[in-house]
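S.K.: One predicted model, sequence on top.
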Amino acid sequence: MSSRICRQARIVPRLADQGLYVASESTLYRLLREAGQLRHRRLERVAQKRSRPRALVAVGPDQIYCWDISYLPTEVRGIYFYLYLFVDLFSRRIVGWQVYDCESAEMASQLLRDICTRQGIAPHQLTVHSDNGLPMKGETMLATMQRLGVAASRSRPAVSNDNPYSEALFRTLKYRLQLPVKPFNGLLQARRG
């Protein structure tokens, strides 16, 4: 609508340059509004106003986990390993991580099952927050979360700072001098709990 408003705001000055005066800008808007011409008229969907999501607040450990996947460089250009990382929002403790050679909802759901078993997570105790990546929204991951009684929380589309805890840990990891630039000793899977 803003581009339409800009076009309409240029009509009156253009006509004035030609020596014509039809009506004021406010009168043109009033007439267009009365004729129902100020509505969205394109074929695509009307832009939806997105509100800021409610803040997640943890008052103790094992209530809210944030998780994400980040790539880890290798010696081969264009080849990466992927670090799956779950962080407790309350304590900022890493509750589980895994390194794989690809992104997969199946691998993420297995890691979440292992974490819930190890941490003794009861149904409806935990909320897991993530961005909108494919492994996070995959059917396997969603089914696993439903089976475990884990609630899902998502970042807003195209907003990079809705999952800051995982991103901050990834940045700390990648800017350490000790980060290996060689493959992990030929292992495609490293595990630690």
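M.R.: Happy to help now that I have it.

S.K.: For the rest of this, base every contact and every neighbour count on C-alpha atoms.
M.R.: Fine.

S.K.: care to break the protein down by domain?
M.R.: With automatic domain parsing serving as the domain definition, the record reports that the chain contains domains spanning 2-34, 64-192.

S.K.: Could you export those as TSV, including mean neighbour count, distance to R54 and mean pLDDT?
M.R.: Shown next, in TSV, are the domains of the chain (neighbours: other Cα atoms under 10 Å; distance: least, Cα to Cα, whole Å; pLDDT from 0 to 100):
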stretch	mean neighbour count	distance to R54	mean pLDDT
domain 2-34	12	29	76
domain 64-192	16	10	85
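
S.K.: okay if I get those domains as JSON lines plus distance to A55?
M.R.: JSON lines is the format used below for the domains of the chain (distance: least, Cα to Cα, whole Å):
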{"stretch": "domain 2-34", "distance to A55": "31"}
{"stretch": "domain 64-192", "distance to A55": "10"}
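
S.K.: Out of those, which is closest to L43?
M.R.: Proximity to L43, assessed across the domains of the chain by Cα to Cα, is greatest for domain 2-34 (15.1 Å).

S.K.: Tell me where this structure has strands.
M.R.: For the chain, the strands defined by DSSP state E cover 64-73, 80-88, 94-100, 127-130, 151-154, 190-192.
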